[in-house]
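Give the three-dimensional model of this entry:
(3 chains)
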Amino acid sequence: MNENPYSTAVLAWYEANARDLPWRRPDAGPWSVLVSEIMLQQTPVVRVLPAWEAWLRRWPTPADLAAEPSGEAVRMWNRLGYPRRALNLHACARAIVSRHGGRVPDSHADLLALPGVGPYTAAAVASFAFGQRHAILDTNVRRVLARAVTGIEYPPKAQTKAEVRLAESLLPAAPPVAARWGVAVMELGALVCTARSPRCVDCPIIDRCAWHQAGRPAHDGPPRRGQTYAGTDRQVRGRLLAVLRDSPGPVPKSALDAVWDEPVQRERALDALVADGLVDPLEDGRYALPG
DNA sequence: CAATCGTGGCA
DNA sequence: TTGCCAAGATT
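Predicted structure coming up:
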């Protein structure tokens, strides 16, 4: 058994404590898993749950979504945030139909080639939907490994090759076990080994945690990034797109101008939305979600 | 490589 | 009230 020092305890903990998330159920197919993974990028589970249900009820297969204009995906995305993910998912659906016969591909390379699918998401779909053996390295896993193995409170801001190597070195040998290990560590990070106020008393590997054994030393080095939002282009983009989402059809430019008084920033944000394909400027001067 | 890209909840 | 954080990807 090529397991790691944590796997037995973490896997047992997962069996007893895993949340019953719909995309983890046995009847959740690869498309359901892919949709969940895109939605979960930088977005909390509680906010994804209703969006995922509605999305899959409307578009049960990639072909269903591929048949729609991309603007419908953007509208359906509602306020999940990072709306280019809606565009990515729509482009995924069309690529899956055109390149893979309508079925979500099972190879990591093919998944990675889909729009909006990076190293984490490709590994997650290959592992969770197809039971393959891939290192899962998301923000939860990075934090758990930083603490348990490296003995520091937080991982570095940018993911390092050392972290990838570490995650790979811990992979159980059997693919189904490796896949279970991946979700299990993620779940541990999400429920117990949290960013703030970790619940070490409930941790199954507290006796093997380097950070805990060192007395839980505080993070040293520069404070982590200030992700300011108010007054940024992102806020302006959000307001502009909200107007289009909440309108059944095209809107006059005056409706967009009303959401932000600084004209230079407003135009810059609108131009960026058009460049991103999230907004369609019509011939008559009005604006709409993309067809 | 570091900046950019939404939104909402919570300590 | 406000800073921090949430299953990252792209350029």
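
Near DNA strand B, which residues of the stretch 51-200 of chain A are found?
Listed as neighbours of DNA strand B in the stretch 51-200 of chain A under the rule CB under 7 Å from any atom of the strand: A:79-84, A:158, A:196-197. The C-beta positions use only the backbone N, C-alpha and C, and glycine is treated the same way.

can you rerun that using 10 Å?
Proximity of the stretch 51-200 of chain A to DNA strand B, by CB under 10 Å from any atom of the strand, involves residues A:74, A:77-87, A:156-161, A:194-197.

Domain ranges for chain A, per the record?
A:29-128, A:233-288 (automatic domain parsing).

how about those in TSV, adding distance to DNA strand C?
Below are the domains of chain A laid out as TSV (distance: least, CB to the nearest atom of the strand, whole Å):
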stretch	distance to DNA strand C
domain A:29-128	2
domain A:233-288	9
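
want to try TSV for those domains, with mean pLDDT and mean neighbour count as columns?
Formatted as TSV, the domains of chain A follow (pLDDT from 0 to 100; neighbours: other CB atoms under 10 Å):
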stretch	mean pLDDT	mean neighbour count
domain A:29-128	98	19
domain A:233-288	97	15
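
Find the helix or strand that the closest residue to DNA strand B within the stretch 151-291 of chain A is a member of.
When distances are taken as CB to the nearest atom of the strand, the stretch 151-291 of chain A reaches nearest to DNA strand B at A:G238, 1.7 Å away. A:G238 belongs to helix A:233-245 when elements are defined using DSSP states H and E.

elements contacting that helix?
helix A:70-77, helix A:253-257, helix A:263-275 (3 or more CB pairs under 8 Å, 6 or more residues apart in numbering; DSSP states H and E).

mind redoing it with 6 Å?
helix A:253-257, helix A:263-275 (3 or more CB pairs under 6 Å, 6 or more residues apart in numbering; DSSP states H and E).

can you redo the ones you listed as CSV with distance to A:A148?
What follows is the helices and strands packed on helix A:233-245, written out as CSV (distance: least, CB to CB, whole Å):
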stretch, distance to A:A148
helix A:253-257, 49
helix A:263-275, 41
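
nearest to A:V45, of those?
Among those, the nearest to A:V45 by CB to CB is helix A:263-275 (27.7 Å).

Tell me the pLDDT of the closest residue in space to A:R180 that isn't next to it in sequence.
Distance criterion CB to CB, 6 or more residues apart in numbering; nearest residue to A:R180, sequence neighbours excluded, is A:L11 at 6.1 Å. We have a pLDDT of 98 for A:L11.

just checking, what packs against the strand or helix carrying A:L11?
According to DSSP H and E, A:L11 maps onto helix A:7-17. Contacts defined by 3+ CB pairs under 6 Å, 6+ apart place helix A:7-17 against helix A:175-191.

Report the mean per-residue pLDDT for the helix it packs on.
The model assigns helix A:175-191 a mean pLDDT of 98.

I would like the residues contacting the helix or strand following it, please.
Next along the chain after helix A:175-191, taking DSSP H and E as the criterion, comes helix A:210-213. Defining contact as CB atoms under 6 Å, 6 or more residues apart in numbering, one finds that helix A:210-213 is touched by A:147, A:151, A:200, A:206.

Pull out the buried members of those residues.
A:147, A:206 (16 or more other CB atoms under 10 Å).

circling back: what distance separates the next helix-or-strand element following the helix holding A:L11 from the centre of its chain?
The element immediately downstream of helix A:7-17 (helix or strand, assigned by DSSP H and E) is helix A:30-40. Relative to the centre of its chain, helix A:30-40 is centred 8 Å away, using CA atoms, centre = their mean, to the nearest Å.

re the thing from before, what is the neighbour count of the residue nearest to A:R180?
18 (other CB atoms under 10 Å).

Surely A:V97 is within a strand?
No - under DSSP: H, G, I helix; E, B strand; the rest coil, A:V97 falls outside any strand and is assigned helix.
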